[in-house]
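Trainee: Here is a sequence together with a model predicted from it:
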Amino acid sequence: MASSFVDKDVKRKISFVAYAGAMLVVANLSGCSTSTVENKVEPSAPPQALANEPAQSSVKIIPRKHTVARGKDKHQLEYEQKQRWYHQQWELSQRINEQRQRSQAQATWQAQRSQRAGIDYSERLAQAAVDRLRHRVSYNGAYIPIGYPNGDVPQNIGVCTDTVIRSYRRLGVDLQRLVHEDISRAFYSYPNLPKWGLQGPDTNIDHRRVHNLKVFFARHGQRVPVTGNPSDYRPGDLVTWSLGGDQEHIGIVVDQRTPADPRRFMIVHNIGQGEKMEDILFKMPITGHYRYFPGSRHPQLASAQY
């Protein structure tokens, strides 16, 4: 009889241990426990020993070992700092390259636009010079007081510079005003021949002198090399020649080729017999070759040594 009671007591203890172990396993699997549980079942003692010992649980709860996150060491921090710096430098170089490419594209576009504008302007100037042939003009270089701006001597008289002045005026360019303003700013950049005896700018005559136009076109236009190649002279170009001493002449290259040489263009000018179109490009010593298209380029400053 006593043996059966002992057997029942042992069975109850074993059942309790199994139940507790199962519950702990379920709790760990569900993640609800904040502690690490280890089920340790002590080896079963003989029934006699179990009967004589007080009832106690063989389950031991061991606290979880908390892992403390360590901070980044200095090597890792230095690496990340260098990585950020290289990335910033790469982004900066990309922006600089993009800006450079945009600037180059803008410059190319402006150059092409300026070239197209120059070609169009030269054609219009050459045509304006050809249109001067419809006017009957007598050569007269007298000093005549005129108005300002857009002043002009009587339409039936003029000299070589008046042909140039009137051709530009046809395109809305007032050389009288432009030359006067430039001489007023830089009086000593312009020549002052002894026979002139100038003390200051003179709106009546300054723009009508070849020497002054040469300096103005060099300062605000383009001075083109003087060559013996007719292909270097194109319609709309301005050419000056020496007539001996301090006398100079000026004319406009137009879009009409001479029968003597298909490569050579004709010149519209007034050299004493009124305005004519003639093949005189290489008939006199050339002293200057210019292109002036207002607004098409930045000034190219030159001294009075034109």
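Mentor: Cool, got the structure.
Trainee: quick one: the helices in this structure?
Mentor: 2-30, 47-52, 74-131, 160-170, 175-185, 210-220 (DSSP state H).
Trainee: For the shortest one, the averaged confidence score.
Mentor: Which is helix 47-52. Mean per-residue pLDDT for helix 47-52: 48.
Trainee: Please renumber the chain so that the first residue is 684 from this point on.
Mentor: Let's use 684 as the start, then, which means that last one is helix 730-735.
Trainee: OK, contacts around Gly883?
Mentor: Phe870 (C-beta atoms under 8 Å, 6 or more residues apart in numbering). Glycine gets a C-beta too; all of them are placed from N, C-alpha and C.
Trainee: ok, Val813 - how many residues close by?
Mentor: 19 (other C-beta atoms under 10 Å).
Trainee: biggest strand in this structure by residues?
Mentor: strand 930-941 (DSSP state E).
Trainee: Pairing partners for that strand, with directions?
Mentor: Here strand 930-941 has these sheet partners by DSSP bridges: strand 921-927 (antiparallel), strand 944-953 (antiparallel).
Trainee: between these, which one is nearest to Ala788?
Mentor: strand 921-927 (32.6 Å; C-beta to C-beta).
Trainee: pLDDT of that closest one, averaged?
Mentor: 98.
Trainee: can you tell me which residues contact Val937?
Mentor: Here Val937 is in contact with Ala809, Gln810, Ala812, Val813, Pro918, Phe948, Met949, Ile950, Val951, Met960 (C-beta under 8 Å, 6+ apart).
Trainee: 6 Å instead, please
Mentor: Ala809, Ala812, Val813, Pro918, Met949, Val951 (C-beta atoms under 6 Å, 6 or more residues apart in numbering).
Trainee: now the residues you listed: which count as buried?
Mentor: Burial of the contacts of Val937 was assessed by neighbour count (16 or more other C-beta atoms under 10 Å); the buried members are Ala809, Ala812, Val813, Pro918, Met949, Val951.
Trainee: tell me which of the residues you listed is nearest to Gln905?
Mentor: Among the buried ones among the contacts of Val937, and counting by C-beta to C-beta, the member closest to Gln905 is Pro918, at 14.9 Å.
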